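Chemist: Show me the folded form of this:
(2 chains)
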Number of protein chains: 2
Amino acid sequence: MRILFITADGFEDTELLCPMYRFKEEGCQVDIAAPDWGEVKGKRGYPVSANLALDEVEPSGFRMLFLPGGKAPDRLRTVPEVLDIVRAFDRDKRPIAAICHGPLILASAGLLKGRRATCYWKVAGAIEQAGARYEDSPVVVDENLITSREPVDLPEFMKKVIEALHEQGEE
Amino acid sequence: MRILFITADGFEDTELLCPMYRFKEEGCQVDIAAPDWGEVKGKRGYPVSANLALDEVEPSGFRMLFLPGGKAPDRLRTVPEVLDIVRAFDRDKRPIAAICHGPLILASAGLLKGRRATCYWKVAGAIEQAGARYEDSPVVVDENLITSREPVDLPEFMKKVIEALHEQGEE
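Modeler: All right, here's what the predicted structure looks like:
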């Protein structure tokens, strides 16, 4: 099973690294796409290697899309390739998991209209303006969208994310 | 199920945080013991709250002991309370998981004589001097001891750790 992460410099380190390790524990292959191929760095300085540039991503090859938070989503939400990828996942009803500032990308892609979602409290207003029905919960599941607020929510968030991974059957 | 972490300032952030979130995802309660009650900080600056001082720890109340790496183990390996706790877990054959510099604490407690173990490569000589049969593998399981090398090993390490948690039955 292949999982796609989309991120950029300034990601919230644990929101990328802990889920990445968790997916690998589950036997998944994790691909990381960023504006440029190569190293991207988290807010706290952890480096990860982006093995895909955004224009190389073929969404149909992935089981799930994962959007970590931090400062990266603000850099990504205006990038046309990012919005195209996110919309392709949603069109096919493939799961999209987003935490913290990650749901801002879903807002910019126009995917939150009338849908239940959560995010970091400081950007709750922004996702509501995009039409989301915001809930202040550790994790919110609305069909294929799985959203969460912040790092301390990772246990409850990843429980739902891993469930969603297996609900689609093994591949 | 209760899990005990022992750590101090300078822990390797992901080696504490990712396993802590993973245990909580599994429904465990995680207690963190440190030389002093209160906040401890990782190398990269993440804070965690130690809810136990070392002299308050009652080892029999915990299912498993977890020892993250970083600079913390060097501060802990000469502390008598730490060595007493570690030996109590081993005497009862309760699982002890240690990663990176964490196995140094097992070495100081005299638990590695003739036992298979791994650790961060820079301290491999130190655990061999303590009698361990060092293996350069992502994870090594020798009865109740589960050891690992570094953060990128977390997926394979945590897979064995979670297996060991459940092998003892639910409580």
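Chemist: partners of the residue nearest the centre of chain A in the sheet?
Modeler: Nearest to the geometric centre of chain A sits residue A:67, at 1.7 Å (CA atoms, centre = their mean). Legend: beta-bridge partners of residue A:67 under DSSP bridges are residue A:98.
Chemist: ok, now how distant is it from residue B:18?
Modeler: Distance, residue A:67 to residue B:18, by CB to CB, to the nearest Å: 18 Å. Glycine gets a C-beta too; all of them are placed from N, C-alpha and C.
Chemist: same check, this time on residue A:66
Modeler: Distance check for residue A:66 against residue B:18: by CB to CB, it reads 15 Å.
Chemist: Then residue A:125?
Modeler: Distance, residue A:125 to residue B:18, using CB to CB: 31 Å.
Chemist: for chain A, what spans make up the strands?
Modeler: Counting by DSSP state E, chain A has strands at residues A:2-6, A:29-34, A:38-41, A:47-50, A:52-53, A:64-67, A:96-99, A:116-117, A:133-134, A:139-142, A:145-148.
Chemist: ranking these by burial, who's on top?
Modeler: Comparing the strands of chain A by mean neighbour count (mean count of other CB atoms under 10 Å in any protein chain shown), strand A:96-99 comes out on top with a mean of 29.
Chemist: what helices or strands is that strand leaning on?
Modeler: Applying 3 or more CB pairs under 8 Å, 6 or more residues apart in numbering or on different chains; DSSP states H and E, we find strand A:96-99 packed against strand A:64-67, helix A:80-91, helix A:103-108, strand A:145-148, helix A:154-167.
Chemist: would JSON lines of those with mean pLDDT be doable?
Modeler: Output for the helices and strands packed on strand A:96-99, formatted as JSON lines (pLDDT from 0 to 100):
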{"stretch": "strand A:64-67", "mean pLDDT": "98"}
{"stretch": "helix A:80-91", "mean pLDDT": "98"}
{"stretch": "helix A:103-108", "mean pLDDT": "98"}
{"stretch": "strand A:145-148", "mean pLDDT": "98"}
{"stretch": "helix A:154-167", "mean pLDDT": "97"}
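Chemist: who's in contact with residue A:131?
Modeler: Applying CB atoms under 8 Å, 6 or more residues apart in numbering or on different chains to residue A:131 gives the contacts A:112-115.
Chemist: Any figure for the gap between it and chain B?
Modeler: Using CB to the nearest CB, to the nearest Å, we find residue A:131 at a distance of 31 Å from chain B.
Chemist: just checking, residue A:99 touches residue A:70?
Modeler: No. Contact between residue A:99 and residue A:70 fails when scored by CB atoms under 8 Å: they sit 9.6 Å apart.
Chemist: Can you list the low-confidence ranges for chain A?
Modeler: Applying pLDDT under 70 to chain A flags residues A:169-171.
Chemist: What parts of it come near chain B?
Modeler: Residues of chain A lying close to chain B (CB under 8 Å from any CB of the partner chain) are A:13-14, A:17-18, A:21-22, A:24-25, A:44-46, A:151, A:154-156, A:158-159, A:162.
Chemist: circling back to that earlier point, who's in contact with the residue nearest to the centre of chain A?
Modeler: Contacts of residue A:67 (CB under 8 Å, 6+ apart): A:5-7, A:73, A:86, A:96-99, A:102-103, A:105-106.
Chemist: And these, which is closest to residue B:51?
Modeler: The shortest approach to residue B:51 among these belongs to residue A:99, at 25.1 Å (CB to CB).
Chemist: residues in contact with the closest one?
Modeler: Contacts of residue A:99 by CB under 8 Å, 6+ apart are A:15, A:67-69, A:119, A:147-150, A:153-154, A:157.
Chemist: Count the neighbours of residue A:114 for me.
Modeler: 8 (other CB atoms under 10 Å in any protein chain shown).
Chemist: if you skip the residues just before and after it, what's nearest to it?
Modeler: Here the nearest residue to residue A:114 in space, its sequence neighbours aside, is residue A:131; by CB to CB, 6 or more residues apart in numbering or on different chains that works out to 6.0 Å.
Chemist: any idea how far residue B:22 is from that neighbour?
Modeler: Between residue A:131 and residue B:22 the distance is 34 Å, computed by CB to CB.
Chemist: got it, and residue A:89?
Modeler: Taking CB to CB, one finds residue A:89 at 26 Å from residue B:22.
Chemist: before we move on, what about residue A:14?
Modeler: Counting by CB to CB, the gap from residue A:14 to residue B:22 is 12 Å.
Chemist: So between these two, which is more surrounded?
Modeler: More crowded of residue A:14 and residue B:22, by other CB under 10 Å: residue A:14, with 27 against 24.
Chemist: So among the residues of chain A next to chain B, which ones count as buried?
Modeler: When the residues of chain A next to chain B are checked for burial by 16 or more other CB atoms under 10 Å in any protein chain shown, the buried set is A:13-14, A:17-18, A:21-22, A:24-25, A:44, A:46, A:151, A:154-156, A:158-159, A:162.
Chemist: wait, doesn't residue A:65 sit right on residue A:86?
Modeler: Yes. Checked against CB under 8 Å, the pair residue A:65 and residue A:86 is within contact range at 6.8 Å.
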